[in-house]
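Asker: A predicted structure for the sequence below; I have some questions about it.
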Amino acid sequence: MSEQALTIAVTDYGFPNLDQEEAILSPMGFTFIKGQCRTPEEVAALCGNADAILTQWAPLTAEAIHALKRCRIIVRYGIGVDNVDLEAAAERNIPVVNIPDYAVHEVA
């Protein structure tokens with residue numbers, strides 16, 4: 001039986017590319033699926049079978065989170081987590097983390 005690759009879904013991003021993320025995580029066996037999701041339905045469709053989610057602004061509502069089958073973590077590119085329904089994630093035992101120093105230098 002072969003091991004299934006772990007999948008990271010990137011719901012949306014404002015960067016030119018995801019080269020940095022892929023350079024770090026691909027050697028560890030992660031595969032990437034990328035989108036520019038704007039609705040909970042698009043998030044659910046993209047992320048349904050993902051093991052981890054990277055998100056910037058996409059709406060991770062209760063509807064989207066309840067559609068996740070394998071998700072183990074949601075990571076937000078940013079300081080807050082206001083686009084993620086924390087209660088729905090907690091119900092599914094999915095930790096939600098952010099990047100507390102995201103864009104600090106750019107803002108300063």
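Answerer: Good, I have the coordinates. Only a predicted model underlies this, so the values are computations on that prediction, with no experimental measurement involved. Residues are numbered from 1 along each chain as shown.

Asker: count of neighbours near H66?
Answerer: The tally of other residues near H66 (other Cβ atoms under 10 Å) stands at 13. In this view, the C-beta of every residue, glycine as well, is placed from N, C-alpha and C.

Asker: How about it: what's its closest non-neighbour residue?
Answerer: Ranked by Cβ to Cβ, 6 or more residues apart in numbering and with sequence neighbours excluded, the top spatial neighbour of H66 is A88, at 6.5 Å.

Asker: who's in contact with the one you found?
Answerer: Contact partners of A88, counting by Cβ atoms under 8 Å, 6 or more residues apart in numbering, are 61-62, 65-66.

Asker: element containing it?
Answerer: Using DSSP states H and E, the element containing A88 is helix 86-91.

Asker: residue ranges for the helices of this protein, please.
Answerer: In the chain, the helices defined using DSSP state H lie at 19-25, 40-47, 62-66, 86-91, 104-107.

Asker: Dump the ones you listed to CSV, plus distance to T11.
Answerer: Formatted as CSV, the helices of the chain follow (distance: least, Cβ to Cβ, whole Å):
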stretch, distance to T11
helix 19-25, 13
helix 40-47, 5
helix 62-66, 9
helix 86-91, 14
helix 104-107, 22
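
Asker: Separate out the buried members of the contacts of A88.
Answerer: 61, 65 (16 or more other Cβ atoms under 10 Å).

Asker: Select, out of the helices of the chain, the one closest to N98.
Answerer: Nearest to N98, of all the helices of the chain, is helix 86-91, at 11.0 Å by Cβ to Cβ.
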